[in-house]
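K.L.:
Have a look; sequence and predicted model below, questions after that.
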Amino acid sequence: MKDEKIALTTCGTDWDSIRKAVTSAYFHQAAKMKGIGEYINMRSAVVCAVHPTSSLYGAGFTPDYVVYHELIYTQKEYMSCVTVVEPQWLAEMGPMFFTLKYSGGRTLKTNSAAAGEEQSTPYQDDVSAASSVQNKIEKSRKRANARGMVTPGRRDKVPRTPARFGM
């Protein structure tokens, strides 16, 4: 730090900045509380628990959301190097994986919503995504038919007669 002439700074007792930095690195390994002492990975749905050697194991409270560094598999999956996080941080650090849903179908406002675009409900997003997938499938079928691609089980538009077989 001295060679680069960067001043040393400290966060003091503001541990949230440290936890937020850890969240930015490990947001893809986030877990949500499923039951008493059980967590479920939010991306892969793997059920795991806090390792007994972790400081959170005997802390007296079970946080709703955590991030972890690694999984240890013995008789069941255990998380080690566990840090308590806030769900807002997950949505902020990994918007491609997480969103906050509020009651009434509202979601967390993103930059596009702040710019004046209308925010849609999750149901509307699902319907529009399904219709776009249907449109893509229909376009690919039209392209295949236009090229004269042969597909199994497809019937010709012209009926086959003995004259067409050379008889």
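P.N.:
Looks like it came in fine.
K.L.:
Please make it C-alpha for all contacts and neighbour counts, starting now.
P.N.:
Noted.
K.L.:
Okay, now the unreliable bits of the protein?
P.N.:
104-131, 133, 143-167 (pLDDT under 70).
K.L.:
can you map out the strands along it?
P.N.:
Taking DSSP state E as the test, the strands found in the chain are 30-35, 38-41, 47-50, 65-67, 70-73, 77-80, 83-84.
K.L.:
Columns distance to T99 on top of these, output as a markdown table?
P.N.:
As requested, the strands of the chain are exported to a markdown table (distance: least, Cα to Cα, whole Å):
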| stretch | distance to T99 |
| --- | --- |
| strand 30-35 | 13 |
| strand 38-41 | 15 |
| strand 47-50 | 21 |
| strand 65-67 | 14 |
| strand 70-73 | 24 |
| strand 77-80 | 23 |
| strand 83-84 | 18 |
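K.L.:
Quick one: closest of these to Y57.
P.N.:
strand 47-50 (6.1 Å; Cα to Cα).
K.L.:
Show me what the closest one is packed up against.
P.N.:
Counting contacts by 3 or more Cα pairs under 8 Å, 6 or more residues apart in numbering; DSSP states H and E, strand 47-50 packs against strand 38-41, strand 77-80.
K.L.:
Out of those, the one nearest P52 is which?
P.N.:
strand 77-80 (8.5 Å).
K.L.:
which neighbours does the closest one have in its sheet, and in what orientation?
P.N.:
Here strand 77-80 is paired, per DSSP bridges, with strand 47-50 (parallel), strand 70-73 (antiparallel).
K.L.:
for these, which one ends up most surrounded?
P.N.:
strand 47-50 (a mean of 21; mean count of other Cα atoms under 10 Å).
K.L.:
Tell me how far the closest residue to Q88 other than its chain neighbours lies from K34.
P.N.:
What sits nearest to Q88 in space, not counting adjacent residues and going by Cα to Cα, 6 or more residues apart in numbering, is L100, at 7.1 Å. L100 sits 17 Å away from K34, going by Cα to Cα, to the nearest Å.
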